[in-house]
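In: Return a 3D structure for these sequence lines:
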Amino acid sequence: MPRMLALVVALILASGASLAETRVPATDGEIRLSFAPVVKISAPSVVNIYARRVVAAQASPFANDPFFSDFFKNFGQPTDRVQSSLGSGVVLSSDGLVVSNYHVVGGATAIRVSLADRREFDAEVLLADEQSDLAVLRLKGASGLAAMPLRPSDQIEVGDLVLAIGNPFGVGQTVSSGIISGLARSGGALGNARAYFIQTDAPINPGNSGGALVDMTGALVGINTSILTRSGGSNGIGFAIPADLVAAFLKQARAGNTSFVRPWAGLIGQSVDSNLAEGFDLALPEGMVIVDLHSESPFAQAGLAVGDVIVSFASRPVNGPQEMLHHMSVAGIGADADVTYLRDSTRRTARVAMIAPPEIPARDTTEITDSGPLQGLIVARINPGVIAEMNLSMQAFGVVVVSVKGFAAQIGFQPGDILTEVNDRAIATVRDVRRAATDRPKVWSISIERGGQTLSMRFRI
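Out: Below is the predicted model of the structure:
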């Protein structure tokens, strides 16, 4: 009994000591958690962007039809309209270079930028790319601006605290907080299968596009670009373009590039799931298997082949095509990278050069103006550059439809169609198409490849 009493007394004393350590916060600093110091550092680098663009009116297909001439004479043709957009941007250099989203400023005829201190500048687009949804602007006459530093993406972890700073709904600069919810998110759910994002639960709303996602040091983690929502407002699923890609984009803008040039992979890859892992005799479902490979691909030149499983690029893990293409874009053309891959369960490493897609043979882009079913086609000779831009098969060759208008659009031609035969004439070059367009048969026969299938069309003209 005395032994039991001693044990109870010991427990009470221990509990008392614990309670003594858990005291009520005595100072304001102990009570209040504030992001204000971070905001003071980063907010001056976030700007509001106002863009205007002229949207061309679409003429009616019946405008030139004599039957409807009186109608269009009385009611006139539709006129162009001015469309305005509102977004955010981030200052990345003291001399006035600002990064934002392509969808904020793309096609704009006038851009006005308002700083946090209420100064305003006109801006011009130096470099814009729809696929990456990035644009770099230069503020005219600006100097001495507060530039935001960039944080390397490989230093970010899920769970890190972040702030989203922007101009949602045009109410003025606004700050929201959250964490990094996920890394290496592909853009398939957002309608951009080639994109690669950081995910955050920091509230992002319309007008935040182009704004900053910053860490607790005030450095840029990413450019806020989109959300997944059913209501139009934030549901806590927001996406930002990683700062590493922003840095690569800014580098090309400074170099004077008029278009963003990505290194060419020359392959099609597929993420390895549990079924594929079993088929490849892998211990874990990791990496990306090569399912198609162009003969001129830098990966082929380095010795890789169809069926190899790429697991890392420049010491960074690869688990899908978007992730690898992102790493390649960050590395940039002219760099070399060590690629680790598995072949027959053996781990190997190859040095792969980052190159632009070769423009051989020349594209010879041509618009067909001769009357007939080919009228309105803009066609080009297929080469690696065309394959990369139009997402064609690595084995594609011949002549592809780049864009369509006129009669060709009316009868159903689509961009990406590969012309294989016209009026029993095999098509291998743009010159073949030009010659075929001058034919005048009573019945036209045309064969194309679309989505891996061969389609045949016949027209009586």
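
In: thought Ile111 was touching Leu137?
Out: Yes - if you go by C-beta atoms under 8 Å, Ile111 and Leu137 touch, sitting 6.6 Å apart. C-beta coordinates here come from the backbone N, C-alpha and C atoms, glycine included.

In: which neighbours do these two share?
Out: Ile49, Val105, Ala123, Glu124, Val125 (C-beta atoms under 8 Å, 6 or more residues apart in numbering).

In: Kindly reformat the residues you listed as JSON lines containing secondary structure.
Out: Converted to JSON lines, the shared contacts of Ile111 and Leu137 look like this (DSSP: H, G, I helix; E, B strand; the rest coil):
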{"residue": "Ile49", "secondary structure": "strand"}
{"residue": "Val105", "secondary structure": "helix"}
{"residue": "Ala123", "secondary structure": "strand"}
{"residue": "Glu124", "secondary structure": "strand"}
{"residue": "Val125", "secondary structure": "strand"}
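
In: which one of the residues you listed sits closest to Glu278?
Out: Closest approach to Glu278 among the shared contacts of Ile111 and Leu137 (C-beta to C-beta): Val105, at 47.7 Å.

In: which residues does the closest one contact?
Out: Counting by C-beta under 8 Å, 6+ apart, Val105 has contacts Ile49, Ala51, Ser85, Gly87, Ile111, Ala123, Val125, Ala128, Ala135, Leu137.

In: Quick one, which of the shared contacts of Ile111 and Leu137 are buried?
Out: Ile49, Val105, Ala123, Val125 (16 or more other C-beta atoms under 10 Å).

In: Run the chain-centre distance for stretch 422-436.
Out: 36 Å (C-alpha atoms, centre = their mean, to the nearest Å).

In: again with stretch 436-446
Out: Remark: stretch 436-446 is offset 41 Å from the chain centroid, using C-alpha atoms, centre = their mean.

In: How about residues contacting that stretch?
Out: 368, 370, 372-375, 419, 421-425, 427, 456-461.

In: How far does it stretch from one end to the other?
Out: Length of stretch 436-446, first residue to last, C-alpha to C-alpha, to the nearest Å: 10 Å.

In: got the buried residues for that stretch?
Out: Ala436, Ala437, Trp444, Ile446.

In: tell me the average confidence for that stretch?
Out: For stretch 436-446, the mean per-residue pLDDT is 91.

In: Tell me where the model's unsure across this protein.
Out: 1-32, 55-83, 187-194, 228-235 (pLDDT under 70).

In: mind listing the strands for the stretch 51-200 of the chain?
Out: Using DSSP state E, counting those that start in this stretch, the strands of the stretch 51-200 of the chain run over 81-91, 97-100, 110-114, 120-129, 134-139, 161-166, 174-186, 196-200.

In: Mind putting those into JSON lines with distance to His327?
Out: Putting the strands of the stretch 51-200 of the chain into JSON lines (distance: least, C-beta to C-beta, whole Å) gives the following:
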{"stretch": "strand 81-91", "distance to His327": "23"}
{"stretch": "strand 97-100", "distance to His327": "20"}
{"stretch": "strand 110-114", "distance to His327": "32"}
{"stretch": "strand 120-129", "distance to His327": "17"}
{"stretch": "strand 134-139", "distance to His327": "17"}
{"stretch": "strand 161-166", "distance to His327": "22"}
{"stretch": "strand 174-186", "distance to His327": "10"}
{"stretch": "strand 196-200", "distance to His327": "9"}
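
In: Those: which one's closest to Ala356?
Out: Comparing those against Ala356 with C-beta to C-beta, the closest turns out to be strand 120-129 (14.6 Å).

In: quick one: that closest one to strand 81-91, angle?
Out: Angle, strand 120-129 to strand 81-91, by axes from the mean of the first three to the mean of the last three C-alpha atoms, to 10 degrees: 90 degrees.

In: Return the list of helices and strands in contact with strand 120-129.
Out: If you count contacts as 3 or more C-beta pairs under 8 Å, 6 or more residues apart in numbering; DSSP states H and E, strand 120-129 packs onto helix 102-105, strand 110-114, strand 134-139, helix 243-254.

In: separation between the residue nearest the centre of the chain and Thr217?
Out: Nearest to the geometric centre of the chain sits Ser132, at 2.7 Å (C-alpha atoms, centre = their mean). Going from Ser132 to Thr217 by C-beta to C-beta, to the nearest Å gives 25 Å.

In: circling back to that earlier point, check the shared contacts of Ile111 and Leu137 and tell me the two furthest apart.
Out: Ile49 and Glu124 (12.5 Å).

In: Domain parsing of the protein, as residue ranges.
Out: For the chain, automatic domain parsing gives the domain ranges 40-139, 153-254, 267-353, 366-460.

In: Just name the most buried of those domains.
Out: domain 153-254 (a mean of 20; mean count of other C-beta atoms under 10 Å).

In: Look at that domain and report the distance between its end residues.
Out: 21 Å.

In: same check, this time on stretch 331-344
Out: End-to-end span of stretch 331-344 (C-alpha to C-alpha): 28 Å.

In: And the contacts of it?
Out: With C-beta under 8 Å, 6+ apart as the test, stretch 331-344 has contacts from 248, 251, 261, 263, 280, 282, 287, 299, 302, 304-305, 307-315, 327-328, 347-356.

In: So which residues of this structure form helices?
Out: 2-21, 28-31, 36-42, 69-75, 102-105, 243-254, 274-279, 298-301, 321-331, 384-390, 406-410, 430-437 (DSSP state H).

In: Tabulate the CA atom coordinates of the third one in CSV.
Out: Think helix 36-42. The C-alpha trace of helix 36-42 is given here as CSV (Å, rounded to 0.1, in the frame of the first residue of the first chain):
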residue,chain,number,x,y,z
ALA,A,36,2.5,40.4,-42.3
PRO,A,37,6.3,40.3,-42.4
VAL,A,38,6.2,38.1,-45.5
VAL,A,39,3.5,40.2,-47.1
LYS,A,40,5.6,43.4,-46.6
ILE,A,41,8.5,41.8,-48.4
SER,A,42,6.6,40.3,-51.4
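
In: Which elements pack onto that helix?
Out: By 3+ C-beta pairs under 8 Å, 6+ apart, helix 36-42 packs against strand 161-166, strand 212-214.

In: Name the strands paired with the shortest one and say parallel or antiparallel.
Out: Meaning strand 212-214. In the sheet, strand 212-214 lines up against strand 161-166 (antiparallel), strand 220-227 (antiparallel) (DSSP bridges).
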